[in-house]
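Novice: I'd like to go over a predicted model; first the sequence, then the structure.
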Amino acid sequence: MARKALIAKAKRTPKYSTRTIRRCWRCGRNRGYIRDFDLCRICFRELAENGDLPGVTRSSW
């Protein structure tokens, strides 16, 4: 879980657009972020395994 200060800092508009910090809406993690789903990799995997993300299926080859 991210600290409240870091979450508040990420919500501010940055001076430059490249400094935008994207965080997972579920846990607040900033690393391993997947933009298409607005989730981190860990939360994405949990929701995909439970079938809570529509259109996401497991890959097999």
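Specialist: Received, thanks.

Novice: roughly how far apart are residue 17 and residue 33?
Specialist: Counting by C-beta to C-beta, to the nearest Å, the gap from residue 17 to residue 33 is 16 Å. In this view, the C-beta of every residue, glycine as well, is placed from N, C-alpha and C.

Novice: Which positions within stretch 20-30 qualify as buried?
Specialist: 23, 24, 29 (16 or more other C-beta atoms under 10 Å).

Novice: Save those residues as JSON lines, and put in distance to residue 60, pLDDT and secondary structure too.
Specialist: Shown next, in JSON lines, are the buried residues of stretch 20-30 (distance: C-beta to C-beta, whole Å; pLDDT from 0 to 100; DSSP: H, G, I helix; E, B strand; the rest coil):
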{"residue": "23", "distance to residue 60": "31", "pLDDT": "93", "secondary structure": "coil"}
{"residue": "24", "distance to residue 60": "27", "pLDDT": "93", "secondary structure": "coil"}
{"residue": "29", "distance to residue 60": "27", "pLDDT": "91", "secondary structure": "coil"}
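
Novice: For residue 5, state which of those residues is nearest.
Specialist: Distance to residue 5 across the buried residues of stretch 20-30 (C-beta to C-beta) is lowest for residue 23, with 13.0 Å.

Novice: excluding its backbone neighbours, what's nearest that closest one?
Specialist: With sequence-adjacent residues excluded and distances taken as C-beta to C-beta, 6 or more residues apart in numbering, residue 23 is closest to residue 30, at 5.0 Å.
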